[in-house]
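S.K.: sequence first, predicted coordinates after that:
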Amino acid sequence: MKRDDIIQLIERAIKKAQKKGDLPKFDPPEVVLERPKDEGHGDYATPVCLSMARLARMAPIQIAEKVVARMEHADYIGSVEIAHPGFININLSDAWVAQQVEDILEQGQSFGHVDMGQGRRAQVEYISANPTGPLPFGSGRNAVLGDTLANLLAAAGWQVQREYYVNDTGNQMEVFAASLYARYAQALGHDEPLPENGYPGHYLVEMGEAVATQFGDRFLSMDRDEALKALQTEGLKRTLVGIRADAEALGIHFDQWKSEQSLYDDGAYGAVFNQLSADGWLTHREGAIWFKGDRESEPSTDTEDKEQERERQEDKENVVVRSDGRPTYLASDMAYVWDKLARRGFDWAIYVWGADHHGHVPRVKAVARALGLDADRVTILLYQLVTLKRGGKLVRMGKRTGEMITLREVIEEIGADATRFMLLTRSADSQMELDLTLAVQQSSENPVYYVQYGHARIASIFRYAQEQGVSLEGGDVSLLTHPAEQELIRQMLRLPEIVALCADTLGSHHLTQYAQRLASAFHSFYKECRVVSSDPAHAELGKARLKLVLAAKTVLANTLHLIGVSAPESM
RNA sequence: GCCCCCGUAGCUCAGGGGAUAGAGCAGCGGUUUCCUAAACCGCGUGUCGCAGGUUCGAAUCCUGCCGGGGGCACCA
C-alpha cells in the first residue's frame, strides 16, 4: 500500500530534518496519514506538523516547510503542498495513478489483499444460535457480520476458520425435546399438551408430523426418558439441516459445526476443570461449584490496562456446576475457550455475540486468564440488536413468542443480496431499526443494486466491444488522464486500505460505504467517458479505457465478494 | 442501583483527535443521435442530546446529567 510508503517517506524526512539541524531533537510523534474529506486537500494529508509544534517550539507551517524540503522524491508523488494551519497535503501523480490499472489487472482477484495476519490462524465463530428451530431474523445480523469479518480477515492475510457452535446440550435442548415429543404425540392423535415454556413455533408441529410419518409410534411405546433422548437427537439432526440451509441462503458455509456436548465427551471439560481446580479458581458453596473471577490473591499487574482491571473487578463469582451436579453454560464456555486457544491453537478467537450477552464478555476473558492464556487472543464482537417493525408497528422477536420472523422469510421477501448489504451498512455498535414493509418497498432501491449495476454495466460494455471487434490488446493506460478516469482509479486504489481498516477495527460497514463510492465513481465515469466508439480517432483511448473498466470490474467484484453478494454479469 | 450500546439533516445512518460535519432515501429541477436511465448533473445553516473538562484543535477523548435500547439467574 502506498499509504505505508508515504508514512515512511514523511518519517524519514522528519528524522533527516532533525539530523541536519532544521528541527530540534525530540521523539517524533506517530505520523498519522488521513484521507481528507475535502478532495481539494489532496489524496492524503497529515497533521503531524501540528502535533510537533510544541515539541519543536516552532510554528507548524515552518515545521512543514522543513519537513517537505527533506522529503525524498518518489515517482508516485505528484505534488506536496503545505496548507494552513500546518497540514502537509500529498497528491499522487496522475501518471502513476494511471499506471496502476496494469497493476490491478495483474493482481486480479487478489487485489485488495493485505498481509496483516501473516498467515496466523484466526477463528471466527458466529451465528451459533440455539439449534431449536429455524434461524430467527435476529441471527441474520450475527451471520452477516461474522461471515463478512471472516472474508475480510482472510483478505487481510489471516488463515481463517469459520465455526458454528452447536449448543446441543443444556436446558434449552431438554425443552426442545419435550416440545417435539408433544408435537409428535399430537401428530399421532394423542392429547399431549405442549410443556410450559415449550417452543410454540409452527415448525415443531411440522417436525412432529414428519417424525411421526417416518417412525410411527415407536417413541410412544418406549420409556419416556429414552424417547426424549431419541427425539432430541432426531430433532437436532433435522434442525441443523434447516439451519445449514438458512445459512447457505445467505451464502454462508461453515468449516466446522462444533458440538458443545463433544467438549464433555472428549475430555476437554475434565482437563479444564482439573486445572482450574488445582490452581484454586474454583470454590464450593451452597452445594454448587463456583468460578472465582475476582480472586484477591491475583495482584493487578502493571501491564493490565484500565479496561482489564474493570473487567476483573466487576466479575463476580459464577456457578460452574449446579448443586444437582449439572454443569452450566459457563462450564462449556471454559472448555470451549481452552479448546480454541490451547488445544486447537488459534492465534485469535473471535466470537460474534448479540449485545444482550455483553455481561459474559468479562467471564470468558477471566477464564482465559485463569487458564494462563492471553486474553487478548480473544475478541468478542458485540452487535446491537435489530428492532423489527412491520408498517411502523413493533414486531416482537424470540422463539418463545408466537410471532417469530425467520431469517428465511426476510431473505425471501427482499433477497439475499439486499439482506446482506442492508445488515452491513450500519456499524455493529448501532442498534438498527428495520421496517419490513419499507424494506420490501425499498428493496428495489437498495444501494446493493447500485453497486451490482456498475458491475453489470461493465460486463455489458465488454459484450458490446466484442460485437464491435474491439479489444483491449495494446491499450496504453497512460492515456487515462481524464478527471473521471483518474477519480475512478483513485477510488479503486483504496480497496486495500479499506480492507486494512476493516480488519483493524472489525468494522465491516466501511466496506459497504466504500462499495457505493466506488460504484459512484464508475457511474460518473461511464456518463462522461465513452469506452467503445465507432469513431476511429477514439480507437487508442478506447483500448486504454477497456483496460480501465476491466480493472474496475475486478475491484467491484472483489468488493462485492468480500461483502458476500453476487457480482452479476447482467441485470 | 451497577454494566454495555446509541442520541448527528424530514427519515435511516456514516464520520479511524484535525481543515467549510457527510451519504443514501424522500422532495424539487434538469440530462438520452453508438457501450444497460436500476444511471448522471444540480438544489442542504443541522443547538452533532445538555453541561463541564483535557487539547494548539473535540461530533470524536474524560466526567456528570437527560433521553432511547439491552443486560445484571444454580437460563443460554
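M.R.: Thanks, I have the structure now.
S.K.: nearest residue to the middle of chain A?
M.R.: A:L149 (2.3 Å; CA atoms, centre = their mean).
S.K.: count of neighbours near A:S332?
M.R.: 22 (other CB atoms under 10 Å). All C-beta atoms are positioned from the backbone trio N, CA, C, and that covers glycine.
S.K.: tell me how far the residue located most distally from the centre of chain A lies from A:L381.
M.R.: Taking CA atoms, centre = their mean, the residue of chain A most remote from its mean C-alpha position is A:S221, at 48.6 Å. According to CB to CB, to the nearest Å, A:S221 and A:L381 sit 48 Å apart.
S.K.: show the contacting residues for A:D217.
M.R.: A:L188 (CB atoms under 8 Å, 6 or more residues apart in numbering).
S.K.: what's the distance between it and RNA strand B?
M.R.: The gap separating A:D217 from RNA strand B is 31 Å, by CB to the nearest atom of the strand, to the nearest Å.
S.K.: how about A:E226?
M.R.: 22 Å.
S.K.: which SSE is that residue in?
M.R.: Secondary-structure assignment from DSSP states H and E places A:E226 in helix A:224-248.
S.K.: just the mean pLDDT for that helix, thanks.
M.R.: Averaging pLDDT along helix A:224-248 gives 96.
S.K.: helices of the stretch 401-550 of chain A, start to end?
M.R.: A:407-414, A:416-424, A:436-442, A:447-467, A:483-492, A:495-505, A:509-528, A:539-563 (DSSP state H, counting those that start in this stretch).
S.K.: list the buried residues of the fifth one.
M.R.: Put plainly, it is helix A:483-492. A:A484, A:E485, A:Q486, A:E487, A:L488, A:I489, A:R490, A:Q491, A:M492 (16 or more other CB atoms under 10 Å).
S.K.: chain neighbours aside, what residue packs nearest to the last one?
M.R.: For A:M492, ignoring the flanking residues on the chain, the nearest one in space by CB to CB, 6 or more residues apart in numbering is A:V555 at 4.4 Å.
S.K.: could you list the low-confidence segments of the stretch 1-150 of chain A?
M.R.: Within the stretch 1-150 of chain A, no stretch has pLDDT under 70.
S.K.: which bits of it sit near RNA strand B?
M.R.: Within the stretch 1-150 of chain A, the residues that sit near RNA strand B (CB under 7 Å from any atom of the strand) are A:32, A:34-38, A:40-42, A:45, A:47, A:50-51, A:53-54, A:83-85, A:87, A:89, A:130.
S.K.: right, and A:G474 touches A:L546 too?
M.R.: No. Applying CB atoms under 8 Å, one finds A:G474 not in contact with A:L546, separated by 10.5 Å.
S.K.: sorry, back to before: how about the helix holding A:E226: buried residues?
M.R.: Buried, per 16+ other CB under 10 Å, within helix A:224-248: A:227-228, A:230-232, A:234-236, A:238-239, A:242-244, A:246-247.
S.K.: next structured bit after that helix?
M.R.: With DSSP H and E, the next secondary element past helix A:224-248 is strand A:256-259.
S.K.: between the buried residues of helix A:224-248, which is closest to A:R408?
M.R.: A:D246 (5.4 Å; CB to CB).
S.K.: from memory the closest one sits against A:E409, does it?
M.R.: No. Counting by CB under 8 Å, A:D246 does not reach A:E409; the two are 10.3 Å apart.
S.K.: what's the overlap in contacts for these two?
M.R.: Counting by CB under 8 Å, 6+ apart, nothing touches both A:D246 and A:E409.
S.K.: how about low-confidence regions in the stretch 351-500 of chain A?
M.R.: Judged by pLDDT under 70, the stretch 351-500 of chain A has its weakly predicted residues at A:392, A:396-403.
S.K.: near RNA strand B, which residues of it?
M.R.: A:355-360, A:382, A:384-385, A:387, A:425-427, A:429-433, A:442, A:444-445, A:447, A:449-450, A:453, A:456-457, A:459-461, A:463-464, A:497.
S.K.: run a quick neighbour tally on A:C529.
M.R.: So A:C529, with other CB under 10 Å, has 18 neighbours.
S.K.: quick check, it in contact with A:A484.
M.R.: Yes. Judged on CB under 8 Å, A:C529 makes contact with A:A484 at a distance of 5.5 Å.
S.K.: pretty sure A:Y181 contacts A:D225?
M.R.: No. Counting by CB under 8 Å, A:D225 is not a contact partner of A:Y181; they are 10.6 Å apart.
S.K.: ok, and the closest non-adjacent residue to A:V211?
M.R.: A:V211's closest residue in space is A:Y184 (CB to CB, 6+ apart), at 5.1 Å.
S.K.: also A:L105?
M.R.: Per CB to CB, 6+ apart, closest to A:L105 is A:A551, 5.3 Å.
S.K.: let me know the distance separating the one you found from A:H455.
M.R.: If you go by CB to CB, the gap between A:A551 and A:H455 works out to 13 Å.
S.K.: check A:T559 too.
M.R.: The value you get for A:T559 to A:H455, if CB to CB is used, is 9 Å.
S.K.: nearest spatial neighbour of A:D476, chain-adjacent residues omitted?
M.R.: Excluding the flanking residues, the one nearest A:D476 by CB to CB, 6+ apart is A:A544, at 5.5 Å.
S.K.: wait, doesn't A:L228 sit right on A:A178?
M.R.: Yes. Applying CB under 8 Å as the test, A:L228 and A:A178 come out as touching, 6.4 Å apart.
S.K.: which of the helices of the stretch 401-550 of chain A is buried the deepest?
M.R.: Mean neighbour count, computed with mean count of other CB atoms under 10 Å, is highest for helix A:416-424 among the helices of the stretch 401-550 of chain A, reaching a mean of 24.
S.K.: tilt between that one and helix A:224-248?
M.R.: 90 degrees (axes from the mean of the first three to the mean of the last three CA atoms, to 10 degrees).
S.K.: and helix A:416-424, what does it pack against?
M.R.: helix A:138-155, helix A:407-414, helix A:447-467, helix A:509-528, helix A:539-563 (3 or more CB pairs under 8 Å, 6 or more residues apart in numbering; DSSP states H and E).
S.K.: for these, which one sits closest to A:D4?
M.R.: Per CB to CB, nearest to A:D4 of the helices and strands packed on helix A:416-424: helix A:138-155, 16.6 Å.
S.K.: and the next helix or strand past whichever helix or strand A:A17 is part of?
M.R.: Here A:A17 sits within helix A:2-19, counting by DSSP H and E. Downstream of helix A:2-19, the first helix or strand assigned by DSSP H and E is strand A:44-46.
S.K.: what residues are up against the closest residue to A:F137 other than its chain neighbours?
M.R.: Closest residue to A:F137 apart from its sequence neighbours, by CB to CB, 6+ apart: A:I405 at 4.5 Å. Contacts for A:I405 were tallied using CB under 8 Å, 6+ apart; they are A:P136, A:F137, A:L388, A:V395, A:M397, A:L436.
S.K.: and with 7 Å instead?
M.R.: Neighbour list for A:I405: A:P136, A:F137, A:L388, A:V395, A:M397 [criterion: CB atoms under 7 Å, 6 or more residues apart in numbering].
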